[in-house]
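Trainee: kindly generate the corresponding structure for this input.
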Amino acid sequence: MNLVIVESPTKAKTITKFLGSKYKIESSFGHVRDLPKSTTGVDTENNFEPKYVIPTKARKNLNNLKKLAEKADKIILATDEDREGEAIAWHLAEAMKVPKEKTGRIVFHEITKDAILEALENPRELDMKLVNAQQARRILDRLVGYELSPFLWKKVAKGLSAGRVQSVAVRLIVEREKEIKAFKPDEYWTIEAEFKKDSDLFKSKLNKVDGKTIDKLEIKNKEEAENILKNLDKAKYTVADVVKKETKKNPPKPFTTSTLQQTANRWLGFSAKQTMMVAQRLYEQGLITYMRTDSLNLSEKFLSDAKKYLKETHGEKYSLNKPRIFKTKSKGAQEAHEAIRPTEASKNPESQTKLDNNQSRLYQLIWQRSLASQMPEAIFDATTIDIDARDTKYQFRSTGQTMKFDGFLKIYPEKSTELSLPQVEKKEELELAKLINEQHFTKPPARYSDAGLVKELEKYGIGRPSTYAPTIATITARNYVNRDDNKKLFPTDIAFVVIDLLVEHFPKIVDYEFTAKMEDDLDEIAEGKIEWQPVIKEFYSPFHENLEKKYNEINKEDIMPEEKSNEKCDKCGAEMIIKTGRYGKFLACSAFPDCKNIKGMDNGSDGAGGNGERSEEMKKLEEKHKGEKCDKCGSDMAIKTGRFGPFLACTGYPKCKNIKNINEKSKTGVKCPACGNGEIVQKRSKRGIFYACDQYPDCKNALWGKPTGEKCPECKSLMVEDKEGGVKCSNKNCK
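Mentor: Modelled structure (predicted):
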């Protein structure tokens, strides 16, 4: 018997379909060793030697794998092909203490029968260069997190954290918010003419003055705009030129991790984390290739199959004589050898009937993009009409285009504007229908969406495909970043404080170029060009020395100055002061420690520091819940604001301490399987976020992960998200 070990049970189940009885496929359920949680776990005095431990949750399964390994003729480590996968394979080999001659390592880009069989025929040894690169990343992140976080607890607020990549991502968001706050809009005006040609009307924009193309902001105010209209009064209009040409729109490149996250965010509204979770499921089911990649390469087999499918399904004109080859420009591209694509071109989205809604939508996007990359360009007829206002210095321009051949747009419907213009001839006189002058103001830069932040991180070379989604998830979970009503990312009050502190006193930690250089060093470790310990030492020695110095130099009062308020303490009558904590600003009694009264503040619903928008929201909530009674004592319920947002509290406090969550964002839309009546909603406790039935105490069903809505194929319990971004069964007794 040959024992094949993969990371996830779904992956194991898929591979089992392809291999016979000579193979037993088992899952490691992710990492089997890690640095300890209670200590740094890195010996900084002994060449940064890591101390790995086996987490409690992994011990039972690891013991089972050890017993199977003892009976196996061969142990085959088939974890993912990237650095983290290589590290998991190495940790498995080390923890199981299996003989080297009995162990083989295989990699594959897709979970298909051909790919698995080919990998089994070509096993290799563990690549310690990749393992060391992953170890270096883990140790760097551990040293920064475990040394800088306690500093923030002491000098800023308890519970804060810092990270090598996460802090740079927060800095990007903070600096964008500062740009938005500092932005001053500029007024500008546009002038359009509407012309009539037979029964058709078409618009034309003022384009040139005295033969010079005008800038967007050139007409600065109403007076200038009206002066131009005055000069155009009674003008006659003649076609100065008509230019017609054929233009082509190129198909998009196949997906990399970054572009998949960006497009899924824009088209489907998925967060980066959600995209990777769904993609992981598709990969494990054998439907797509590995989803953590910088590569734009497509296999010869896929190119051949795509051509055949397009030719047979859509006709000769929608296929290419020669495949289109893309080359990556991504710095340090090394995570995989292929772009993200369907494992088979013929598996169109309509044929995948067993997928849930999100899986179906993402698979369709990947399938469409991959096939579209091997289709001809879309062809348009573009027309430009220049129109002179005779005897004046003004010229207008109309542009339009019509589709001549849809090409790749047949299956990948990118937005393309079509505007048909009437047939006109040079020197033809046109009839003016009306002139329009319109006021505009420049807009501030937009907040980052997940797509925008991923693009920015990639542009600066910060992180790699495997880190984008976890980074965004981490800074959101740790309350440095929230999402506004449009799902855009904005910084919390504490994020401004922490980033200003890091920029001033630990500039390298949040320096874009330094962080990118560190990623390059990790790439060189993976390529075997440099050793990992010197890289850690070069960073750690000055970082640690500076940290020790800053403990003595920095006073908390200088970073977190107290602000006066107009409120009095409702317990002792002393003045209340404004403080900033991990969850934003709050009111605290100035008589502390004699009086420990604290009170939540209206911090603004969008984190922008004002209370106007929030107050409006509070008014709506008060109106909505007006007259609501406590279901325990019958007193009126009142709207209160806490660290987790607005909630209903009984006015009979302290005799009655009943509270009720009214946060709409806490709803999951998943029906409780235990009682069949309630809905699973998000709740919070001292241990963190959990999910439970909203019919408590009648129903006490609770989960420690967000339910996906799917049910376990084995035991039919709800599937929930795990901390690593994967999905698992909520039943602890189910594998």
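Trainee: so this protein: which segments form each domain?
Mentor: The record's domain parsing of the chain by automatic domain parsing lists 2-126, 141-182+448-556, 187-250+378-441, 266-372, 563-653, 664-729.
Trainee: what's the distance between the shortest one and the middle of its chain?
Mentor: A distance of 23 Å separates the centroid of the chain from that of domain 664-729, by C-alpha atoms, centre = their mean, to the nearest Å.
Trainee: again with the second one
Mentor: Taking the mean of its C-alpha atoms, domain 141-182+448-556 sits 16 Å from the chain's own mean (C-alpha atoms, centre = their mean).
Trainee: show me where pLDDT drops low in the protein?
Mentor: Regions of the chain meeting the criterion pLDDT under 70 cover residues 329-336, 601-619, 641-645, 663-665, 685-688, 723-726, 735.
Trainee: which helix of it spans the most residues?
Mentor: When the chain is parsed with DSSP state H, its longest helix is helix 128-155.
Trainee: helices or strands next to that helix in the packing?
Mentor: strand 42-43, strand 49-50, helix 83-96, helix 493-505, helix 512-526, helix 532-553, helix 556-559 (3 or more C-beta pairs under 8 Å, 6 or more residues apart in numbering; DSSP states H and E). (Each C-beta comes from the backbone N, C-alpha and C, glycine too.)
Trainee: just give the closest residue to the residue nearest the centre of the chain, not the sequence neighbours.
Mentor: By C-alpha atoms, centre = their mean, the chain has its centre lying nearest to Ala272, at 2.7 Å. Using C-beta to C-beta, 6 or more residues apart in numbering and skipping the chain neighbours, the partner closest in space to Ala272 is Ala469 (4.0 Å).
Trainee: next: Tyr691.
Mentor: Closest to Tyr691 by C-beta to C-beta, 6+ apart is Leu703, at 4.4 Å.
Trainee: about what we covered before: can you redo the domains of the chain as TSV with distance to Thr259?
Mentor: Output for the domains of the chain, formatted as TSV (distance: least, C-beta to C-beta, whole Å):
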stretch	distance to Thr259
domain 2-126	17
domain 141-182+448-556	9
domain 187-250+378-441	13
domain 266-372	9
domain 563-653	29
domain 664-729	19
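Trainee: between these, which gets nearest to Thr256?
Mentor: Smallest distance to Thr256 across those (C-beta to C-beta): 5.5 Å, for domain 266-372.
Trainee: which strands and helices sit next to the helix or strand harbouring Thr471?
Mentor: Using DSSP states H and E, Thr471 falls within helix 468-477. Using 3+ C-beta pairs under 8 Å, 6+ apart, the elements in contact with helix 468-477 are helix 166-182, helix 257-268, helix 272-284, helix 450-460, strand 481-483.
Trainee: buried deepest among the ones you listed, which one?
Mentor: helix 272-284 (a mean of 24; mean count of other C-beta atoms under 10 Å).
Trainee: send me the very next helix or strand once past that one as PDB with only the CA atoms.
Mentor: On the C-terminal side of helix 272-284, the nearest following helix or strand under DSSP H and E is helix 300-314. What follows is helix 300-314, C-alpha atoms only, in PDB (Å, rounded to 0.1, in the frame of the first residue of the first chain):
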ATOM      1  CA  GLU A 300      -0.200  23.000 -24.900                       C
ATOM      2  CA  LYS A 301      -3.000  20.600 -24.200                       C
ATOM      3  CA  PHE A 302      -5.400  23.300 -23.000                       C
ATOM      4  CA  LEU A 303      -4.500  25.500 -25.900                       C
ATOM      5  CA  SER A 304      -5.300  22.600 -28.300                       C
ATOM      6  CA  ASP A 305      -8.500  21.700 -26.500                       C
ATOM      7  CA  ALA A 306      -9.600  25.400 -26.400                       C
ATOM      8  CA  LYS A 307      -9.100  25.800 -30.100                       C
ATOM      9  CA  LYS A 308     -11.100  22.600 -30.800                       C
ATOM     10  CA  TYR A 309     -13.900  23.600 -28.500                       C
ATOM     11  CA  LEU A 310     -14.200  27.200 -30.000                       C
ATOM     12  CA  LYS A 311     -14.100  25.900 -33.500                       C
ATOM     13  CA  GLU A 312     -16.800  23.200 -33.000                       C
ATOM     14  CA  THR A 313     -19.000  25.400 -30.800                       C
ATOM     15  CA  HIS A 314     -18.700  28.900 -32.300                       C
END
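Trainee: next, the angle helix 272-284 makes with the helix or strand just after helix 300-314.
Mentor: Counting by DSSP H and E, the element after helix 300-314 in chain order, helix or strand, is helix 357-372. Between helix 357-372 and helix 272-284, the angle comes out at 70 degrees (axes from the mean of the first three to the mean of the last three C-alpha atoms, to 10 degrees).
Trainee: pull out the buried positions in helix 357-372.
Mentor: Buried residues in helix 357-372, defined by neighbour count with 16 or more other C-beta atoms under 10 Å: 358-372.
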